[in-house]
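S.K.: what's the 3D shape of this:
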Amino acid sequence: MGLFIIRRIGQGLVVVVAATIVVFLLTRAFTDPVDFILPLEATQEEREAREAELGFDRPLVVQFGDYVSDLARGDFGDSLWQPGRSTMDIVGQTLPKTLQLVAAGMFLAIALALPLGMIAALRPGSILDRLLVTLSLAGLSIPQFFVGLLLIIIFAVQFQWLPVGGYGGLKHIILPAIALALPALGRLTMVVRSAMIDELNSQYVRAAKAKGMPTRTVVAKHSLRNAGVQVLTLSGWEITRALAGFTVVVERVFAWPGFGFFALEAIQRRDLFLLSTIVLIAAVLVVAINVIVDILYKAIDPRIELS
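M.R.: Okay, the predicted model is just below:
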């Protein structure tokens, strides 16, 4: 296990290094950050002076060395959009809000998908099963921005039960969490249903039922545990998918000041330094979650050999 963790961390570091190189090339080699700093009417002398001040007039290899050195010291640079403010300071304030939203949305999706998927699997082909499959497909098909707007119209505008948007207490997170959870809920429900049907039709389940073991025990202690690997795989993918940028739509609709919201702001305001920091942190988070998921495989099913 220890060797596997070290190997996975090493592979993750390769991904982070690759992301660092890509971010550097996008912000330095293929674009000129001075174009985003100075106004359009700036003279050539002003441009050259600014490039010399920032070190952009030096060879690209030297700039990359300085860039990596700054990252190693925890210096991710200052925001172009908010001069004098560290990009890491902005990320430090926005990332916890996104993690809170993702945690709420994924908890809601997993907590509902497990029982719904099991109910559908226990009665395959029934009216209830068809209804749950139809609702799951609908949840996958409806765009998140439309779901968000619909939730706002019904629960915030029409009934005025919940706030329209913004960051605050429990009431503020309910609607964005539902909007974020809906597509994941549809996918997870379908995966749980499929995995449980396969498990319930397996030989060991039939043998357990033949010995008089209650269906509830078979499902809870055996079938669900064996199907857990597939559920864990998709759950990890949903979390990484959300952190990699798919919270942007939800955060934008509900004015949730999170990671994705500020990533979009960085693009609109042409803040390449803030965007590069967000991309790097997102890459680190994705790698960390993948390592954690791989480790959890062993906890769910000890028969899995990690290599």
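
S.K.: For stretch 105-116, list every residue counted as buried.
M.R.: Judged by neighbour count (16 or more other C-beta atoms under 10 Å), stretch 105-116 contains these buried residues: 105-106, 108-110, 112-114, 116. Any C-beta I mention is one placed from the backbone N, CA and C, and that applies to glycine too.

S.K.: lowest-confidence helix or strand of this structure?
M.R.: In the chain, no helix or strand scores lower on mean pLDDT, DSSP states H and E than helix 215-217, which sits at a mean of 66.

S.K.: Can you name the secondary structure element that comes next after it?
M.R.: helix 224-241 (DSSP states H and E).

S.K.: Now that next one: buried residues?
M.R.: Per 16+ other C-beta under 10 Å, helix 224-241 contains these buried residues: 224, 226-232, 234-236, 238-241.

S.K.: got it, and stretch 56-72?
M.R.: 56, 63-64, 67, 71.

S.K.: and the buried residues of helix 224-241, which two are the farthest apart?
M.R.: Greatest spatial distance among the buried residues of helix 224-241 (C-beta to C-beta): 226 and 241, at 24.7 Å.

S.K.: Sketch out the helices for the stretch 101-250 of the chain, chain order is fine.
M.R.: 127-141, 144-151, 170-200, 203-210, 215-217, 224-241, 248-253 (DSSP state H, counting those that start in this stretch).

S.K.: now for the last one, which elements pack on it?
M.R.: In this case it means helix 248-253. helix 87-122, helix 144-151, helix 170-200, helix 259-268 (3 or more C-beta pairs under 8 Å, 6 or more residues apart in numbering; DSSP states H and E).

S.K.: Can you pull out the low-pLDDT segments for the stretch 101-250 of the chain?
M.R.: Within the stretch 101-250 of the chain, the segments meeting pLDDT under 70 span 204-205, 208-226.

S.K.: mind running it again at 90?
M.R.: Counting by pLDDT under 90, the ranges of the stretch 101-250 of the chain that qualify are 110, 113-148, 156, 158-171, 182-250.

S.K.: can I see the domain layout of this structure?
M.R.: Using automatic domain parsing, the domain parsing of the chain gives 2-72, 90-300.

S.K.: Comparing the ones you listed, which comes out most buried?
M.R.: Of all the domains of the chain, domain 90-300 has the most neighbours on average by mean count of other C-beta atoms under 10 Å, namely a mean of 18.

S.K.: In JSON lines: the domains of the chain, plus distance to residue 82.
M.R.: What follows is the domains of the chain, written out as JSON lines (distance: least, C-beta to C-beta, whole Å):
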{"stretch": "domain 2-72", "distance to residue 82": "13"}
{"stretch": "domain 90-300", "distance to residue 82": "7"}
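
S.K.: So what's the predicted local confidence for the nearest residue to residue 276 once chain neighbours are set aside?
M.R.: Counting by C-beta to C-beta, 6 or more residues apart in numbering, residue 276 lies nearest to residue 23, which is 4.4 Å off, once chain neighbours are set aside. Residue 23 is assigned 79 on the pLDDT scale.

S.K.: And the strand or helix carrying residue 23, what does it pack against?
M.R.: Assigned by DSSP H and E, residue 23 falls within helix 2-24. On a contact count with 3+ C-beta pairs under 8 Å, 6+ apart, helix 2-24 meets helix 60-72, helix 272-300.

S.K.: Residue 148 is in contact with residue 254, correct?
M.R.: Yes - Residue 254 lies in contact with residue 148 (C-beta atoms under 8 Å); the separation is 6.2 Å.

S.K.: shared neighbours, those two?
M.R.: Shared contacts of residue 254 and residue 148 (C-beta atoms under 8 Å, 6 or more residues apart in numbering): 175-176, 179.

S.K.: ok now do the residue lying closest to residue 28 once chain neighbours are set aside, which residues does it touch?
M.R.: In space, and not counting its chain neighbours, residue 28 is closest to residue 63: 5.9 Å by C-beta to C-beta, 6+ apart. Residues in contact with residue 63 (C-beta under 8 Å, 6+ apart) are 24, 28, 55-56.
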